[in-house]
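Asks: prediction below, plus the sequence it came from.
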There are 2 protein chains.
Amino acid sequence: MDEIVGKTVENKQIIFRDYIDGRSPNETDLEIRVGNKIKLEAPKGSGALLVKNLYLSCDPYMRGRMRNFHGSYIPPFVPGSVIEGFGVSKVLDSDNPNFRRGDLVSGFTGWEEYSLINRTEQMRKIEQNDIPLSYYVGLLGMPGFTAYAGFYEVCAPKKGDYVFVSAASGAVGQLVGQLAKLHGCYVVGSSGTSHKVDLLKNKLGFDEAFNYKEEQDLDAALKRYFPEGIDIYFDNVGGAMLDAALLNMKIHGRIAVCGMISENNITSPVGIRNVFSLITKRIRMQGFLQSDYLHLFPCFLEDVIGFYKQGKIIFLEDMNEGLESGPAAFAGLFSGRNVGKQVIRVASN
Amino acid sequence: MDEIVGKTVENKQIIFRDYIDGRSPNETDLEIRVGNKIKLEAPKGSGALLVKNLYLSCDPYMRGRMRNFHGSYIPPFVPGSVIEGFGVSKVLDSDNPNFRRGDLVSGFTGWEEYSLINRTEQMRKIEQNDIPLSYYVGLLGMPGFTAYAGFYEVCAPKKGDYVFVSAASGAVGQLVGQLAKLHGCYVVGSSGTSHKVDLLKNKLGFDEAFNYKEEQDLDAALKRYFPEGIDIYFDNVGGAMLDAALLNMKIHGRIAVCGMISENNITSPVGIRNVFSLITKRIRMQGFLQSDYLHLFPCFLEDVIGFYKQGKIIFLEDMNEGLESGPAAFAGLFSGRNVGKQVIRVASN
């Protein structure tokens, strides 16, 4: 490591400009700030870590923090401040007995080159195990764990179930589909380009996949792929697809409501009209957050690392180079530009 | 019993005129037919029952059978034919070894004075026990069991939970509220007249109640009655109230979706816009039908008869006299005219 503890260095940052209630984020909602300085030191008595950020994660939930709404599970970003998100970082200095210089960690960090982390209780130490480091914000991080907890704990899967996954090549969807296949389910995914459809069928092992943008009628599309109905819908998009899925669920079907990337205007989204199906089909529709299942995190790591090492699952990443690529990479999530999990490489080590 | 087996008598009937896709039922959608004759006999070898109908139940779900839609859990009525529903009847003649003349039974029967029942497997014999006979289509019938199964099995109630019940003085709601009070919950009900609000607070023991028609803003009303949020919403109405409740649920709240009487146009209802709350609050929203829980029916009868006999619960009925009153009584369900469970007395014995 070249970085010298105590030295003050330049610290490039990505700043949140202002709230964007009622629309999707644009690249210009984030701004690169140069000229900021940071002392590479965890102050004595602070219990903090001073880290170098290696990989930053672009996640759809972050849009929720760009709204001026304080009633959610996570507070909004502060206009004019560095945004934060999941990342993989290297400890340069530690005032905390649980970490030491050189440790690799994952957890909440700033979108900047170096961060002083005060909330160390949410940082996880990464054990070196031949898995790409960036996977700790993807396959082995929040998105992967969301897929794992959502599929096994919320969907109550059984062998032979008919499973539908939307945004299926995304960070969460791709793992849901592969776990469902390993569980003995029949799995169909939807996504928004023919390239992604091809990846779903030919790389990720989905039984079928379709491009929702090429379908005039989502209800008809689902009837075509699920003539006998859907047992499990893992919903990453909300909106019209959720409405169509409600019409195509089997009796006692389960819907795991994970993301609503289609809801551009969360404060006044398009309504879901087929809620009546919940009664006639006796559907369980459940929203969830991975953070409610953290007791399962060790099992998750063991299972998914095992599957990965045995070649039973793969993971698609979309890696952008350099902190400067952050605003465009993030905004691209909402137009489906990314192919697989969107990550920003700030530094390699 | 005056009725002589084998005699042919006049049998007044209520006929379903035609499908009503897209609106609420009117009185004129049902028609009284006189002049029909029936032989008071269960044909040999048929296994059937010939019954005299005493009480007929008016239930909101019956609207679903007035639509020309065959994909539901129960088939549509046939235009020009007698409608059917839950009733309490007396067996006049039996070709079935499980029943005999004089038995009182509850189950599906026709809206007519006398019915030939071929599907006897769904008929339950009523044990005489000092409980009003009509309660077997209400407190001790499908609506009561819906309340029981929905509250205990779907809502996962805990002592101290904050419970909201819509259509709270109705056949299902009134029992949900009383069971919730017995369970140690705080219970608020909504209904559509000040008289019903008064009954909820002063007869049925709800902690609070309000008239939703007097509220400009349902979200604000719920915030007033549940400043800390709702743990359980037992939804009998759908629509705007469900949308408002979604905004006011506590984290890990449960919504039992039981009825959607507000959805006048089921094929294109007003959308539910706050589904996003399912994720942020990790809400479980579950549709159910009592028929999935029939294994609990004996426990239900024992518990609810016990509560009733101990004076711990009461049951409000709205009794209309005579088969002729059926069309108006049924249509009244959809304007909230009934106070309590709507029943038609066809005959007293």
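Replies: Looks like it arrived, so ask away. Numbers count the residues shown, from 1 in each chain, chains lettered A, B, ... in the order given.

Asks: now stretch A:224-232, how far from the chain's geometric center?
Replies: 26 Å (Cα atoms, centre = their mean, to the nearest Å).

Asks: sorry, slip of the keys, the one I care about is stretch A:288-305.
Replies: 14 Å.

Asks: got the contact list for residue A:318?
Replies: A:329, A:338, A:339, A:340, A:341, A:342, A:343 (Cβ atoms under 8 Å, 6 or more residues apart in numbering or on different chains). No exception for glycine: its C-beta is placed from N, CA and C like everyone else's.

Asks: meant to ask about residue A:253
Replies: A:229, A:230, A:231, A:232, A:233, A:281, A:283, A:284.

Asks: what's the answer for residue A:313, then?
Replies: Residue A:313 touches A:139, A:175, A:178, A:179, A:182, A:304, A:307, counting by Cβ under 8 Å, 6+ apart.

Asks: ok, 6 Å please
Replies: Residue A:313 is in contact with A:178, A:307, counting by Cβ atoms under 6 Å, 6 or more residues apart in numbering or on different chains.

Asks: tell me the secondary structure at it.
Replies: coil (DSSP: H, G, I helix; E, B strand; the rest coil).

Asks: distance check, it against chain B.
Replies: 25 Å (Cβ to the nearest Cβ, to the nearest Å).

Asks: surely residue A:50 is within a strand?
Replies: Yes. Under three-state DSSP, residue A:50 falls within a strand.

Asks: the residue in the stretch 201-349 of chain A that chain B sits nearest to: neighbour count?
Replies: As assessed by Cβ to the nearest Cβ, chain B sits closest to residue A:271 within the stretch 201-349 of chain A, at 1.6 Å. Around residue A:271 there are 17 other residues, counting by other Cβ atoms under 10 Å in any protein chain shown.

Asks: got the contact list for it?
Replies: B:271, B:272, B:273.

Asks: for it, which non-adjacent residue is closest in space?
Replies: residue B:271 (1.6 Å; Cβ to Cβ, 6 or more residues apart in numbering or on different chains).

Asks: now swap in residue A:72 and tell me
Replies: Here the residue nearest residue A:72, using Cβ to Cβ, 6+ apart, is residue B:280, at 5.0 Å.

Asks: please apply the same query to residue A:328.
Replies: Nearest residue to residue A:328, sequence neighbours excluded (Cβ to Cβ, 6+ apart): residue A:27, at 4.9 Å.

Asks: correct me, but that neighbour touches residue A:329?
Replies: No. Assessed by Cβ atoms under 6 Å, residue A:27 is found out of contact with residue A:329, at 9.0 Å.

Asks: quick one: mean pLDDT over the biggest helix by length in chain A.
Replies: Longest helix in chain A by number of residues, with DSSP state H as the criterion: helix A:297-309. Over the span of helix A:297-309, the pLDDT mean works out to 97.

Asks: ditto for stretch A:48-65
Replies: 95.

Asks: off-centre distance for that stretch?
Replies: 11 Å.

Asks: ok, and does it reach over to chain B?
Replies: No. Stretch A:48-65 lies out of reach of chain B by Cβ under 6 Å from any Cβ of the partner chain, never closer than 7.8 Å.

Asks: now the terminal residues of that stretch, how far apart.
Replies: 24 Å (Cα to Cα, to the nearest Å).

Asks: give me the contact list for it.
Replies: Under Cβ under 6 Å, 6+ apart, the answer for stretch A:48-65 is A:25, A:40-42, A:72, A:76-77, A:85-95, A:99, A:109, A:111, A:114-118, A:120, A:134, A:137, A:259, A:261, A:329-330, A:333, A:342-347.

Asks: do the same with stretch A:177-187
Replies: A:151, A:157, A:159, A:161-163, A:165, A:168, A:189, A:204-207, A:313.

Asks: redo these as a markdown table? Include pLDDT, secondary structure and distance to residue A:49.
Replies: Output for these, formatted as a markdown table (pLDDT from 0 to 100; DSSP: H, G, I helix; E, B strand; the rest coil; distance: Cβ to Cβ, whole Å):
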| residue | pLDDT | secondary structure | distance to residue A:49 |
| --- | --- | --- | --- |
| A:151 | 98 | helix | 33 |
| A:157 | 98 | coil | 38 |
| A:159 | 98 | coil | 44 |
| A:161 | 98 | coil | 43 |
| A:162 | 98 | strand | 46 |
| A:163 | 98 | strand | 40 |
| A:165 | 98 | strand | 36 |
| A:168 | 97 | coil | 36 |
| A:189 | 98 | strand | 39 |
| A:204 | 98 | coil | 36 |
| A:205 | 97 | coil | 39 |
| A:206 | 98 | coil | 40 |
| A:207 | 98 | coil | 45 |
| A:313 | 97 | coil | 31 |
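
Asks: just the buried residues of those.
Replies: Neighbour-count burial (16 or more other Cβ atoms under 10 Å in any protein chain shown) is assigned, among the contacts of stretch A:177-187, to A:151, A:157, A:161-163, A:165, A:168, A:189, A:204-207, A:313.

Asks: alright, calling it a day.
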